[in-house]
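# with the input below, show me the fold.
(one chain, ligands or ions: 1)
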Amino acid sequence: MTDTPAYRVAPGADIAEDAQIGEGSSVWHLAQIREGAALGRDCVVGRGAYIGSGVRMGDGCKVQNHALVYEPADLAEGVFVGPAAVFTNDHFPRAVNPDLSPKSASDWDPVGVTCERGASIGARAVCVAPVRIGAWAMVAAGATVVKDVPPYSLVAGVPARRLAWVGRAGEPLQPASDGTDAWVCPRTGEWYIPDETTGGLQLASTPVTDAPRATPPEDPETPASEEEPRA
Ligand SMILES: CC(C)(COP(=O)(O)OP(=O)(O)OC[C@H]1O[C@@H](n2cnc3c(N)ncnc32)[C@H](O)[C@@H]1OP(=O)(O)O)[C@@H](O)C(=O)NCCC(=O)NCCS
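Presented below is the predicted three-dimensional model:
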């Protein structure tokens, strides 16, 4: 790993000159970060991952090994993109025009995947743009997402459908025992209620205080285990 004052880059990573990488971030071997991409603080981009031109990533995002985040994706803070997940950008893809001439940038309109704060995308999931993954929603491994996912939904399958509600801690929520339409996180005790504007849930109790972020390791050659791409 090459140590810079602000962030770390493993050998073989390919980062465009005008890409912005936030302080405390790590970019692993053979990852590619394209022109104009902007990553927040404390992000991790795993081995062989691709971050497209102009993609925005908020603080604390993790893009795991071999995930492909094609532009114009937009990731809020704390988004997890699992290994080999794909964010598409061409809804009706063709290599060529009807006359078999090569398609240029002006021959198609890119569409993007938007991930709201804290959302997680499971391993090898495909998000077919244009689509919005709501705040703290979770997409199961291998799912194919073809329509918007409301906040706090846990979706799975092809096409992805909601299996359950999930809280900020990542655990499925349980119905409240008081007979209301509220949901409770068994781990944190947080309460959630339906949100008519999004079709998902919203947090209805005081948020459980988040743990402080781990401090970066002293030695860039031996990164802390929590900073390693996990898969
Ligand atoms: C979706 C997920 C969170 C569900 O976990 P869970 O709550 O423990 O779910 P269960 O194993 O109890 O399964 C509940 C149901 O969902 C189904 N299911 C679980 N995971 C599924 C998946 N990935 N795709 C389709 N269906 C799935 C199960 O078959 C089961 O169906 P049934 O009730 O008809 O038997 C988990 O399976 C998953 O995919 N996690 C993502 C892992 C990942 O990609 N991590 C990335 C870092 S490596």
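# who in the protein is up against the ligand?
For the chain, the contact set with the ligand under CB under 6 Å from any ligand atom comprises 82-83, 122-123, 138, 140-143, 154, 156-157, 163, 172, 231. Quick note: C-beta positions are derived from backbone N, CA and C, even for glycine.
# list only buried entries from those residues.
Buried by 16 or more other CB atoms under 10 Å: 82-83, 122-123, 138, 140, 142-143, 154, 156, out of the residues of the chain next to the ligand.
# go through the residues of the chain next to the ligand and flag which are in strands.
Using DSSP state E, the subset of these located in strands is 138, 154, 156, 163.
# pretty sure V145 contacts C127?
Yes: contact criterion CB atoms under 8 Å: V145 and C127 qualify, at 4.5 Å.
# common neighbours of those two, please.
Residues touching both V145 and C127 by CB atoms under 8 Å, 6 or more residues apart in numbering: 133, 139.
# return the member of the ones in strands among the residues of the chain next to the ligand nearest to the ligand.
Ranking those by separation from the ligand, with CB to the nearest ligand atom as the measure, puts A156 on top at 3.7 Å.
# my read: that closest one touches V149, true?
No: if you go by CB under 8 Å, A156 and V149 don't touch, sitting 10.9 Å apart.
# give the residues shared as contacts by these two.
With CB under 8 Å, 6+ apart, A156 and V149 have common neighbours V139.
# residues contacting V81?
By CB under 8 Å, 6+ apart, the residues touching V81 are 49, 61-64, 67, 69, 75, 87, 115, 121.
# any idea which of the residues you listed is the one closest to G40?
Using CB to CB, C61 comes nearest to G40 of the contacts of V81, at 6.8 Å.
# neighbours of that closest one, just the number please.
A count of nearby residues for C61, using other CB atoms under 10 Å, gives 27.
# alright, calling it a day.
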